[in-house]
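A.B. asks: Take this sequence and fold it.
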Amino acid sequence: MTLSRYRRPLTILAAVIAVLSLAAVGAVMAYAFAGAVAPTWVTYAALYGLPAAFVLMLLLVLDGVAVRRRAGKPQRR
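C.D. replies: Presented below is the predicted three-dimensional model:
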């Protein structure tokens with residue numbers, strides 16, 4: 001099954017966002033362990049990155065289900 005034009009870039013974008021936000025979570029934990037406060041942008045990336053990546057991947061899964069359903073049904077005239 002080949003990906004359409006927009007599915008591959010969205011998949012890559014969601015994966016990059018997820019990896020960067022996981023790194024931000026690790027950075028926030030490292031700052032907290034050191035007794036310091038993480039910069040605002042790092043905390044923001046940690047809090048909002050993973051849900052954004054999750055929503056993007058959920059949309060991609062739902063799109064894949066819709067494509068498979070459309071491909072499985074014969075077209076009526």
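A.B. asks: Not counting stretch 17-37 itself, show me its contacts.
C.D. replies: 38, 42-43, 45-46, 48-50, 52-54, 56-57 (Cβ atoms under 8 Å, 6 or more residues apart in numbering). The way it works is simple: take the backbone N, C-alpha and C, and place the C-beta from them, glycine included.
A.B. asks: For that stretch, which residues meet the burial criterion?
C.D. replies: For stretch 17-37, the neighbour count (16 or more other Cβ atoms under 10 Å) marks 17-18, 21, 24-25, 27-28 as buried.
A.B. asks: Residue ranges in the chain under the pLDDT threshold?
C.D. replies: Within the chain, the stretches with pLDDT under 70 are 1-3, 75-77.
A.B. asks: which residues of it fall in strands?
C.D. replies: Under the criterion DSSP state E, the chain carries no strands.
A.B. asks: Closest to the centroid, which residue in it?
C.D. replies: Per Cα atoms, centre = their mean, the C-alpha nearest to the average position across the chain is that of residue 53, at 2.0 Å.
A.B. asks: gap between it and residue 63?
C.D. replies: 16 Å (Cβ to Cβ, to the nearest Å).
A.B. asks: quick revisit: with distance to residue 5 as new columns, can the buried residues of stretch 17-37 be given to me in CSV?
C.D. replies: Converted to CSV, these look like this (distance: Cβ to Cβ, whole Å):
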residue, distance to residue 5
17, 20
18, 22
21, 26
24, 30
25, 32
27, 34
28, 36
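A.B. asks: now for the helix of greatest length in the chain, which elements pack on it?
C.D. replies: The longest helix of the chain (DSSP state H) is helix 40-72. Counting by 3 or more Cβ pairs under 8 Å, 6 or more residues apart in numbering; DSSP states H and E, the packing neighbours recorded for helix 40-72 are helix 7-34.
A.B. asks: Next up, the contacts around residue 43.
C.D. replies: Neighbours of residue 43 in contact, by Cβ under 8 Å, 6+ apart: 24, 28.
A.B. asks: likewise residue 38?
C.D. replies: 27-28, 31-32, 46.
A.B. asks: Save the contacts of stretch 17-37 as CSV, and put in distance to residue 10 too.
C.D. replies: Converted to CSV, the contacts of stretch 17-37 look like this (distance: Cβ to Cβ, whole Å):
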residue, distance to residue 10
38, 29
42, 25
43, 26
45, 19
46, 22
48, 17
49, 15
50, 16
52, 12
53, 11
54, 13
56, 6
57, 9
